[in-house]
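*Asks:* build the 3D model from these lines:
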Amino acid sequence: MKQFIAIFTLIIVPIHIVFAQTTDIWEKKAESLSNLAEFYYVAHNYDKAIENEQLSLNIKDSIHGKNSLQYALSALNIAKYYYTRGNANISSSSLSNPEDLKNATSYLIIAKNTIKETLLRGFYDMDSQSKYKIWQSINNLYDNTFPSYVARNQNDSTISELYNSTIFSKGITWRNKSTKTWKDIQYSLQDREIAIEFISPVTPEGDNVIFYALTIKKEYKVPQMTKLFDIRQIQDSFKNSATIKEKNIKVGELIWKALGKELNGVKNVYFSPTHILHNIAIEYLPTDNGYYCDTINFYRLSSTIELTKPRIERIYKNAVLYGGLEYEHPSNYEDKKRRERSGFEPLYNTIIEISKISNILGNTGVKCISYSGIDGDESSFLNLSKQEIDILHLATHGMWIKTDIPLDGDKALSGSFLALSKVNNHIEKENNDGRITALEISNLNLSHIDLTVLSACESGLGEFGFDDGLLGLQRGFKIAGIKTILMSLDKVDDEATSILMVEFYKNLMSGKTKHQSLKNAQKHLRSIENGKFDAPKYWASFIMLDGLN
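*Replies:* Alright, predicted model coming up:
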């Protein structure tokens, strides 16, 4: 009997080894076919690209099944090849091969459905390079290929699918995993409200970026799609305007005036930006005789999925405030430079700012911990992870350094940071260098915090990633779990910012919503001292992300 078992074991073990080796061989075969398909695609031989990727898809189906990530990625490639072939000889009025575009859509939808069930389960556990490689492939079709196809083939089905694709894509970008659809968002809307997802696909030729608005109202049977402008038009408005106001009026016409029909009678606009719109305070754009926000309430959202979340009552118990930080650098700049929250000069009004805010919060029962002087260093911030904090206020310098490598998410996130205590003494050190970057923030657990206020210059700016989302402090904080962020898109005046922030907290703690608290604080700032701070540079730099409660 023992001899039989020994012989049986000798037979079985090699079978397992052979099976593993065979699987490995077929895996490499599938990978080689995919590489060959991409080679043919680059060479514009789309027939061969489709043929080889289809063979790779069949192998992946045999090894991993149709519900695998490997299968989904191959399906995405086939969709790309069909789509490109279908547009190879495109004219402005017709498509060269509608059947190819139909096939592209079919494969894209197959891949999307598979991704929803498989990719999201383990996507965020992957290393950054793997995530980048996978999401870059997925994103190209979600944010470029499919929107471009729908723009040329608009019907109820394709636009509905595009809206669903957009919120799914943004859900991955912001780590807001959701299987909600446009109908769930519509269900959340009231009369005189509109939800807008801005998208910005690159043209099939790759030489331009076109901006569209996908809109939903309570009474719509399906979402609507409106073409707005291309990137060249908005760049021209920047170059060919004599004044900042003239520039902003032109930008407003490209966006809100172009949506005039959609906005007729609307009271609340819930919008999610894309591309360059992340870096423009489009909610405060002027008209010839006022501002769009004079008659409409604009709510900036990371995704309109936010509308489907329950509006939880705010109960604030604990707050952490940073201000009056000592950067340990001699003050040798003229007073004007000292007043601007950029560079690393002392910010004299920030200690007054957090002192007043602490009193306001304390009078309503909120326990406050304030960091000032040399105490508000990087280690103090890192220790906030997992703590039960409801409000985080940072009155300091903010900075965004363009890296010119927007496709590398980690490097781009490292280019946006807030200056903390002793930053000037430790600027060359890698660890505890006095800067808290968006990348470092993204690795913290700040999910208990409801509101983060970045009372600093350029704290809302960043670079556009390959997903058309913004790689900056706001993404770092959102990934860390923050619900609402109040931040700036420009250099801000120290005194005006301090007044605005104090008034904002007065309104907030009196029971007003976050949105109304900011709006009232802006009105207050504009009215004091005979309009001393009425210019938009004083009040229109601060935007609020996901402030619905």
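
*Asks:* ok, residue 524 to residue 297 distance?
*Replies:* Note on residue 524: its distance to residue 297, by C-beta to C-beta, to the nearest Å, is 17 Å. From N, CA and C alone the C-beta is placed, and that goes for glycine too.

*Asks:* with neighbour numbers in mind, choose between those two.
*Replies:* Between residue 524 and residue 297, residue 524 has the larger neighbour count (other C-beta atoms under 10 Å), namely 18 against 15.

*Asks:* pretty sure that one contacts residue 504?
*Replies:* No. Between residue 524 and residue 504 there is no contact under C-beta atoms under 8 Å: 9.2 Å.

*Asks:* walk me through the domains of this protein.
*Replies:* 27-125, 182-306, 315-545 (automatic domain parsing).

*Asks:* with only the CA atoms kept, save the helix or strand encompassing residue 485 in PDB.
*Replies:* Per DSSP states H and E: residue 485 is located in strand 484-488. Coordinates of each C-alpha in strand 484-488 appear next as PDB, following Å, rounded to 0.1, in the frame of the first residue of the first chain:
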ATOM      1  CA  THR A 484     -16.100  68.800   2.800                       C
ATOM      2  CA  ILE A 485     -13.200  71.000   1.900                       C
ATOM      3  CA  LEU A 486     -13.100  74.800   1.800                       C
ATOM      4  CA  MET A 487     -10.000  76.000  -0.200                       C
ATOM      5  CA  SER A 488      -8.600  78.600  -2.500                       C
END
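
*Asks:* from the contact counts, what lies against it?
*Replies:* Judged by 3 or more C-beta pairs under 8 Å, 6 or more residues apart in numbering; DSSP states H and E, strand 484-488 is in contact with strand 451-455, helix 473-480, helix 514-527, strand 542-545.

*Asks:* let me have these in JSON lines, extended by mean pLDDT.
*Replies:* As requested, the helices and strands packed on strand 484-488 are exported to JSON lines (pLDDT from 0 to 100):
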{"stretch": "strand 451-455", "mean pLDDT": "91"}
{"stretch": "helix 473-480", "mean pLDDT": "85"}
{"stretch": "helix 514-527", "mean pLDDT": "95"}
{"stretch": "strand 542-545", "mean pLDDT": "93"}
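
*Asks:* can I get those in CSV with distance to residue 172?
*Replies:* Shown next, in CSV, are the helices and strands packed on strand 484-488 (distance: least, C-beta to C-beta, whole Å):
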stretch, distance to residue 172
strand 451-455, 22
helix 473-480, 11
helix 514-527, 26
strand 542-545, 17
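
*Asks:* to residue 393, which of those lies closest?
*Replies:* Minimum separation from residue 393 across the helices and strands packed on strand 484-488 (C-beta to C-beta) falls at strand 451-455, 4.6 Å.

*Asks:* right, and the helix or strand after the strand holding residue 485?
*Replies:* Strand 484-488 is succeeded, C-terminally, by helix 494-509 (DSSP H and E).

*Asks:* and for that following helix, what's in contact with it?
*Replies:* Residues from elsewhere that reach helix 494-509, judged by C-beta atoms under 8 Å, 6 or more residues apart in numbering: 316, 338-341, 347-350, 352-353, 356-357, 360-361, 363-364, 366, 393, 395, 453, 455, 486, 488, 514, 516-518, 520-522, 524-525, 528, 533, 538-539, 542.

*Asks:* send me that helix as PDB with only the CA atoms.
*Replies:* Extracted in PDB, the C-alpha atoms of helix 494-509 (Å, rounded to 0.1, in the frame of the first residue of the first chain):
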ATOM      1  CA  ASP A 494      -4.100  87.800   4.800                       C
ATOM      2  CA  GLU A 495      -6.500  90.300   6.400                       C
ATOM      3  CA  ALA A 496      -9.400  89.700   4.100                       C
ATOM      4  CA  THR A 497      -9.100  85.900   4.500                       C
ATOM      5  CA  SER A 498      -9.100  86.200   8.300                       C
ATOM      6  CA  ILE A 499     -12.300  88.300   8.200                       C
ATOM      7  CA  LEU A 500     -14.000  85.900   5.800                       C
ATOM      8  CA  MET A 501     -13.100  82.800   7.900                       C
ATOM      9  CA  VAL A 502     -14.300  84.200  11.200                       C
ATOM     10  CA  GLU A 503     -17.600  85.200   9.600                       C
ATOM     11  CA  PHE A 504     -17.900  81.800   8.000                       C
ATOM     12  CA  TYR A 505     -17.700  80.100  11.400                       C
ATOM     13  CA  LYS A 506     -20.100  82.500  12.900                       C
ATOM     14  CA  ASN A 507     -22.700  81.500  10.300                       C
ATOM     15  CA  LEU A 508     -21.900  77.800  10.500                       C
ATOM     16  CA  MET A 509     -22.200  77.600  14.200                       C
END
